[in-house]
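Engineer: okay, structure incoming, though there's no sequence with it:
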């Protein structure tokens, strides 16, 4: 288990169009409002921070699940997410550098973990599908915008994480064998 460098408590309110209030150590950080259409499909959201720039999350056109993009309110693209399989539980996030992956946490319970390709776990989104409180644990330095995006994606598919995911060690590439020294 990685050491937690920051944690955010999230309080959920509302039934159809939910409001997620982020706080860190009791101080408010911002509010995420999630919008749904008539059949219950999430079409987007907006994160309004206490300080800083607002974020817009919107569904990209297509049939695949978890197909969203993250934008600033000045129309600057920050990232996108795509779930390649209808049955698979991996969500791939693209932020302009190497793609990140969201997978169910390796321990029993509900939650998702955000993984970097070489260095491993960056953050976790934890909670219960019907619960009104959630928790985001950051285990490495990561942009807060990406944390909000991972949370937005993770809470939509939280019930799917009830089965454990792969162990975190199995996800990292094998380390290169040591070169024999010539003496």
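Structural biologist: Alright, I've got the coordinates. On a predicted model such as this, the values are computed, not experimentally measured, just so you know.
Engineer: ok, residue 122 touching residue 140?
Structural biologist: Yes. With contact defined as Cβ atoms under 8 Å, residue 122 reaches residue 140; the gap is 4.9 Å. No exception for glycine: its C-beta is placed from N, CA and C like everyone else's.
Engineer: where in the protein is pLDDT low?
Structural biologist: Scanning the chain for pLDDT under 70 picks out the ranges 1, 63-65, 85-88, 159, 161-183.
Engineer: assign a three-state SS to the spatially most central residue of the chain, would you?
Structural biologist: The centre of the chain sits closest to residue 150, judged by Cα atoms, centre = their mean, with a distance of 1.5 Å. Here residue 150 is recorded as helix under DSSP: H, G, I helix; E, B strand; the rest coil.
Engineer: how about it, nearest residue that isn't a chain neighbour?
Structural biologist: Counting by Cβ to Cβ, 6 or more residues apart in numbering, residue 150 lies nearest to residue 114, which is 4.7 Å off, once chain neighbours are set aside.
Engineer: that neighbour and residue 73: what is the separation?
Structural biologist: Separation of residue 114 from residue 73 (Cβ to Cβ, to the nearest Å) stands at 24 Å.
Engineer: looking at the two, which is more packed in?
Structural biologist: residue 114 (28 against 12; other Cβ atoms under 10 Å).
Engineer: quick one: what helix or strand has the more buried one in it?
Structural biologist: strand 111-116 (DSSP states H and E).
Engineer: spit out the residues that contact residue 122 and residue 140 alike.
Structural biologist: Common contact partners of residue 122 and residue 140 (Cβ atoms under 8 Å, 6 or more residues apart in numbering): residue 116.
Engineer: which of the two has more neighbours?
Structural biologist: Between residue 122 and residue 140, counted using other Cβ under 10 Å, the more crowded position is residue 122 (20 against 15).
Engineer: can you list contacts of the host helix or strand of that one?
Structural biologist: Of the helices and strands defined by DSSP H and E, residue 122 is found in strand 120-127. For strand 120-127, contacts defined as Cβ under 8 Å, 6+ apart pick out 2, 10, 100, 105, 109-116, 133-140, 142, 146-147, 150-151, 154-155, 158, 168, 171-172.
Engineer: I'd like to know which elements the helix or strand just after that strand is packed against.
Structural biologist: Using DSSP H and E, the helix or strand that follows strand 120-127 in sequence is strand 133-138. For strand 133-138, the elements it packs on are strand 6-13, strand 120-127, helix 144-156, judged by 3 or more Cβ pairs under 8 Å, 6 or more residues apart in numbering; DSSP states H and E.
Engineer: in JSON lines: the ones you listed, plus distance to residue 49.
Structural biologist: Below are these laid out as JSON lines (distance: least, Cβ to Cβ, whole Å):
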{"stretch": "strand 6-13", "distance to residue 49": "12"}
{"stretch": "strand 120-127", "distance to residue 49": "17"}
{"stretch": "helix 144-156", "distance to residue 49": "8"}
